[in-house]
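Participant: got a structure for you, letters missing:
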């Protein structure tokens, strides 16, 4: 399954608690699109959020965000993971 | 230890094999700055790379990249991780 990293740039700061709530909503909407939001990273002060997801397409990943909470990422990248 | 996500935007495509070599160089230079590069994600076609690292500061994380291979990220964000 392709892997995607998306980047949200908010206009304001954000708390990780608020992002956690949005992520929970993602988890509740993702199954019907065969998407799996795996992990996310939040720059609280700067309002930047990175979400890592397995998805059949970038559109499918974005659709989950749109339906779950309406906060669609500004950018999405198909990635390979290394460590 | 603070956690950082950096973003490299290259002018050209990149292979994950080339990024793996740069990452190996990071691992060889990171100990003296108390930095730990943990994982990375590569958009090969678009030439975008995300690196996740524990580091005492963003400067320390950037210094490891600079000394290891010279490819310093365009942006670096202090982040908290959620899943």
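Facilitator: Now that the structure is in, tell me what you want to look at. Keep in mind that this is a model prediction, so the values were computed, not measured.

Participant: which residues of chain A lie near chain B?
Facilitator: A:3, A:5, A:7, A:16, A:19-20, A:23, A:38-46, A:48, A:50, A:52, A:77-83 (CB under 8 Å from any CB of the partner chain). Quick note: C-beta positions are derived from backbone N, CA and C, even for glycine.

Participant: kindly recompute the last result at 10 Å.
Facilitator: Residues of chain A lying close to chain B by CB under 10 Å from any CB of the partner chain are A:3-5, A:7, A:15-17, A:19-20, A:22-23, A:37-46, A:48-52, A:75-83.

Participant: what about the residues you listed, which are in strands?
Facilitator: If you go by DSSP state E, these have A:3-5, A:7, A:37-43, A:48-52, A:75-82 in strands.

Participant: can you count the residues close to the closest residue to residue A:33 other than its chain neighbours?
Facilitator: Leaving aside its sequence neighbours, residue A:33 sits nearest to residue A:60 (CB to CB, 6 or more residues apart in numbering or on different chains; 4.5 Å). Counted with other CB atoms under 10 Å in any protein chain shown, the neighbours of residue A:60 add up to 18.

Participant: ok but residue A:60 is inside a helix, no?
Facilitator: Yes: counting by DSSP: H, G, I helix; E, B strand; the rest coil, residue A:60 falls inside a helix.

Participant: for it, give its distance to residue A:73.
Facilitator: With distances taken as CB to CB, to the nearest Å, residue A:60 is found 13 Å from residue A:73.

Participant: tell me the spacing between the residue nearest to the spatial centre of chain A and residue A:75.
Facilitator: Ranked by distance to the mean C-alpha position of chain A (CA atoms, centre = their mean), the top residue is residue A:51 at 3.7 Å. Going from residue A:51 to residue A:75 by CB to CB gives 11 Å.

Participant: likewise residue A:29?
Facilitator: For residue A:29, the distance to residue A:75 - CB to CB - is 21 Å.

Participant: longest helix in chain A, by residue count?
Facilitator: helix A:16-29 (DSSP state H).
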